[in-house]
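[1] prediction below, plus the sequence it came from.
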Amino acid sequence: MFQGLNDVGFSLAPNAVTYWVGEAMRGIDYQDLDETPQETAATTAALAANTVHLARSLKAAPFPAAG
């Protein structure tokens, strides 16, 4: 989805993706975990911070309208 939105002109924050790689946990499904792995939580927090930063930057200085 990230690449598709980027391809059609959406502004996306750097590293605005997060996902679960089950292989590292030997096939355990994410929803079956007792707690969120630290790496996943840290990546999700970085995603949120980057997205908020981009939103604030665009609010302060929006892209000019195409003309």
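    All right, it came through fine.
[2] now the longest helix seen in the chain, how far from the centre of its chain.
    Determined from DSSP state H, the single longest helix within the chain is helix 38-60. Relative to the centre of its chain, helix 38-60 is centred 7 Å away, using CA atoms, centre = their mean, to the nearest Å.
[3] just stretch 37-54 next, same as before
    Relative to its chain's centre, stretch 37-54 lies at 7 Å (CA atoms, centre = their mean).
[4] how about that stretch: buried residues?
    40, 43, 47 (16 or more other CB atoms under 10 Å). Quick note: C-beta positions are derived from backbone N, CA and C, even for glycine.
[5] so how far is residue 8 from the second one?
    When CB to CB, to the nearest Å is the yardstick, residue 43 and residue 8 sit 25 Å from each other.
[6] equivalent analysis for the last one, please.
    When CB to CB is the yardstick, residue 47 and residue 8 sit 20 Å from each other.
[7] kindly report the same for the first one.
    Per CB to CB, residue 40 is found 28 Å from residue 8.
[8] low-confidence ranges in the protein?
    20-26, 67 (pLDDT under 70).
[9] residues contacting the residue nearest the centre of it?
    Centroid-nearest residue in the chain, with CA atoms, centre = their mean: residue 16, separated by 2.7 Å. Residues near residue 16 by CB atoms under 8 Å, 6 or more residues apart in numbering: 2, 47, 50, 51.
[10] quick one: what helix or strand has the nearest residue to the first one once chain neighbours are set aside in it?
    Spatial nearest neighbour of residue 2, chain neighbours left out: residue 17 (5.2 Å); criterion: CB to CB, 6 or more residues apart in numbering. Under DSSP states H and E, no helix or strand contains residue 17.
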